[in-house]
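sequence first, then the predicted structure:
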Amino acid sequence: MLYNRSLYRFNESKWQSISLRLASIARGKFREFHPSHAGPCHDPDSVGHLRRPPLLQPSRRSARHALLRHAWHSNCLEGKFLDYWNTNGGLPVFGYPITGVANETNADTGKSYPTQWLERNRFELHAENAGTPYEVLLGLLGKERLAQVGRNWQAEPRESGPKDGCLWFEQTGHNVCNQSGNLGFKSYWESHGLKINGLDTYAQSLQLFGLPLTEPKMETNAAGDTVLTQWFERARFEWHPNEPDEYKVLLGLLGTEIKSAGSTPAPTPTPTPPPAGNPCDQVPAPVSARIRPGNCISVGTPLEFDFYGFNANEQVGFWLTSPEGIIIGTKQTGNIGPSGSVTLPFSTSDLWPGMWQFTMQGVSSGHQSIIYFLLLDSSGSAPAPKTCSNNLPAAQNGVMNPTCLKGSTNFTIDGYGFSNGEEIGFYITAPDQSVADLGPLSDGPLYADGNGNFRIYGRLNGALLDAGVYAITFEGKSSHHKTIVYFEGADN
């Protein structure tokens, strides 16, 4: 069945209609990535004999093969990583590349991704998210560095509560404040963020830096400077009061520090799992909010959210966080009304099992209301991890996301190279090479768009898949051009 976008209406008389298109999240490896320049770059235009490195030098290649090189190293940024670097902050935010691209295992997920380390962060290429803003993801280097030096941020005391003029993060119990007038950690956090369409500036900053993990305190960095320091999930902020205003806040060289330590960072400590048979025990309590009929319910159960504690008539933004940690937001804000509160009906019919989070934040007050809810599968259980071999053939002229599926799993398929507007047929081949009937992939005939491409938002309609590799073949009725994508059934 077609996976249509869901439309939620906030207080019909005062709120604009907004559409939250829920991102499809891969639960299995998409395919191996073989970068065209995985090792040292051989660029005849690069300069390697300068006494000081330039900022980063673009070569005279075409834009498609644009290259950035650190003049003192053989490492370069190119392709998706270069585009991401340029778009989201460049040198001050990420620093120079300090390694080439290589497949590395992420300590938290246990999966391997094409990875490149920079002075201040780590880029991971997630081919399963191709065509979305989440194709390149950042490492949680703040968490990883703290774990590497044996510092448990979860054991540090929470602050007593919000401070005037600061950003308060209830999730971790810390404020982010400025240090001198309008200069400091708060302004820096708010003025930088990942450029993702559909997210407001707060959500963009959250994607780039993450939540604060500590309160500010004097610490000595790797260069020997003792400076006011605050740690975040993906960064470390340092206050350098004697520098010019634009350099008073600097980001720590976490990538360099982790790599220089000579060992793989320890995975982030995980909470003790709840007792077997009690998945609802893991749902956190709401913050300045209520949820009805409950916070642990089956997929499809309609909910009502009450958000309160905002200033009268304040503009508020909001976003949804999926079980995989992807933030789905909206550009619009809404007026909360004279009571500083709002009740929101919310449908779960297009969501999938796992822990979800809905956050609403006041634009002027910074106040947050947060609701957590756990969606259970049809058996009344929290979702079990999916297992796939991740040994798939490379897709041809298309992308499927995710590629490790169970019954009733949402997915997207993109195909390209067809004649403009032509009708496209398709069939599914099961692991035993028989033609499989898994239900319709669309609500009617499938056609290419004006550029010869198509996209399907689909769901395997309750089918319980056998383990093994499936293929979906799409063929143009007039051009006979084919798109072939592969996926695995994860059920035992």
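Thanks, I have it. Numbering: from 1, shown residues only.

what about the stretch 1-150 of the chain, any weak spots by pLDDT?
1-75, 108 (pLDDT under 70).

would you map the helices across the stretch 201-350 of the chain?
For the stretch 201-350 of the chain, the helices defined by DSSP state H, counting those that start in this stretch occupy 201-209, 254-260.

can you pull out the strands in the stretch 51-200 of the chain?
For the stretch 51-200 of the chain, the strands defined by DSSP state E, counting those that start in this stretch cover 57-58, 67-69, 76-78, 102-105, 112-117, 122-125, 136-138, 167-169, 174-176, 178-180, 183-184.

out of those strands, nearest to K477?
K477 lies closest, by CB to CB, to one member of those: strand 122-125, at 34.8 Å. C-beta coordinates here come from the backbone N, C-alpha and C atoms, glycine included.

rebuild the strands of the stretch 51-200 of the chain as JSON lines, extending it with mean neighbour count and distance to E190.
Below are the strands of the stretch 51-200 of the chain laid out as JSON lines (neighbours: other CB atoms under 10 Å; distance: least, CB to CB, whole Å):
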{"stretch": "strand 57-58", "mean neighbour count": "16", "distance to E190": "30"}
{"stretch": "strand 67-69", "mean neighbour count": "23", "distance to E190": "27"}
{"stretch": "strand 76-78", "mean neighbour count": "26", "distance to E190": "27"}
{"stretch": "strand 102-105", "mean neighbour count": "14", "distance to E190": "32"}
{"stretch": "strand 112-117", "mean neighbour count": "21", "distance to E190": "27"}
{"stretch": "strand 122-125", "mean neighbour count": "23", "distance to E190": "23"}
{"stretch": "strand 136-138", "mean neighbour count": "21", "distance to E190": "18"}
{"stretch": "strand 167-169", "mean neighbour count": "20", "distance to E190": "7"}
{"stretch": "strand 174-176", "mean neighbour count": "24", "distance to E190": "9"}
{"stretch": "strand 178-180", "mean neighbour count": "16", "distance to E190": "10"}
{"stretch": "strand 183-184", "mean neighbour count": "19", "distance to E190": "10"}
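
nearest to S160 among these would be which one?
strand 174-176 (9.6 Å).

which residue packs closest to D306, ignoring adjacent ones?
Nearest residue to D306 in three dimensions, chain neighbours excluded: R290, at 4.1 Å (CB to CB, 6 or more residues apart in numbering).

please name the strands paired to the helix or strand containing Y427 in the sheet, noting orientation.
Y427 belongs to strand 423-429 when assigned by DSSP states H and E. Neighbouring strands of strand 423-429 in its sheet, by DSSP bridges, are strand 435-436 (antiparallel), strand 446-447 (antiparallel), strand 468-476 (antiparallel).

C177: which of those is closest?
Across the strands paired with strand 423-429, C177 has its closest neighbour in strand 468-476 (52.2 Å, CB to CB).

in terms of secondary structure, what does whichever helix or strand comes after that closest one contact?
Tracing the chain past strand 468-476, the next element assigned as helix or strand by DSSP H and E is strand 482-489. Applying 3 or more CB pairs under 8 Å, 6 or more residues apart in numbering; DSSP states H and E, one finds that strand 482-489 contacts strand 398-401, strand 404-405, strand 410-415, strand 468-476.

who wins for proximity to S112 among the ones you listed?
strand 404-405 (14.2 Å).

distance from the chain centre to the closest one, please.
Chain-centre distance of strand 404-405: 19 Å, with CA atoms, centre = their mean, to the nearest Å.

so where's the stretch 151-300 of the chain shaky on pLDDT?
The model of the stretch 151-300 of the chain has pLDDT under 70 over residues 262-277.

gap between M400 and G252?
If you measure M400 against G252 using CB to CB, to the nearest Å, the figure is 38 Å.

got the phi and psi for P402?
phi -80, psi 180 (degrees, to the nearest 10).

does it touch N129 like I think?
No - with contacts counted by CB atoms under 8 Å, P402 stays clear of N129, the gap being 9.2 Å.

surely L392 meets C404?
No - here L392 does not reach C404: they are 9.2 Å apart, not a contact under CB under 8 Å.

of all the strands paired with strand 423-429, which lies closest to G139?
Among the strands paired with strand 423-429, the nearest to G139 by CB to CB is strand 468-476 (30.3 Å).

so which bits of the closest one are buried?
For strand 468-476, the neighbour count (16 or more other CB atoms under 10 Å) marks 469-472, 474, 476 as buried.

on that earlier part again, if you average pLDDT over each of the helices and strands packed on strand 482-489, which is lowest?
Among these, strand 404-405 has the lowest mean pLDDT, at a mean of 72.

restricting to C-alpha, output stretch 341-358 in CSV.
Taking C-alpha atoms only, stretch 341-358 is exported to CSV below (Å, rounded to 0.1, in the frame of the first residue of the first chain):
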residue,chain,number,x,y,z
SER,A,341,-0.9,25.5,26.5
VAL,A,342,-2.4,23.4,23.7
THR,A,343,-4.0,20.0,23.2
LEU,A,344,-2.9,18.0,20.1
PRO,A,345,-4.6,15.0,18.7
PHE,A,346,-2.0,12.7,17.2
SER,A,347,-2.3,9.6,14.9
THR,A,348,0.1,6.7,15.2
SER,A,349,-1.3,4.8,12.2
ASP,A,350,1.7,5.6,10.0
LEU,A,351,4.4,5.0,12.6
TRP,A,352,6.2,1.8,13.4
PRO,A,353,7.1,0.0,16.7
GLY,A,354,9.7,1.6,18.9
MET,A,355,10.3,4.5,21.3
TRP,A,356,9.2,7.9,19.9
GLN,A,357,9.6,11.4,21.3
PHE,A,358,7.5,14.5,20.5
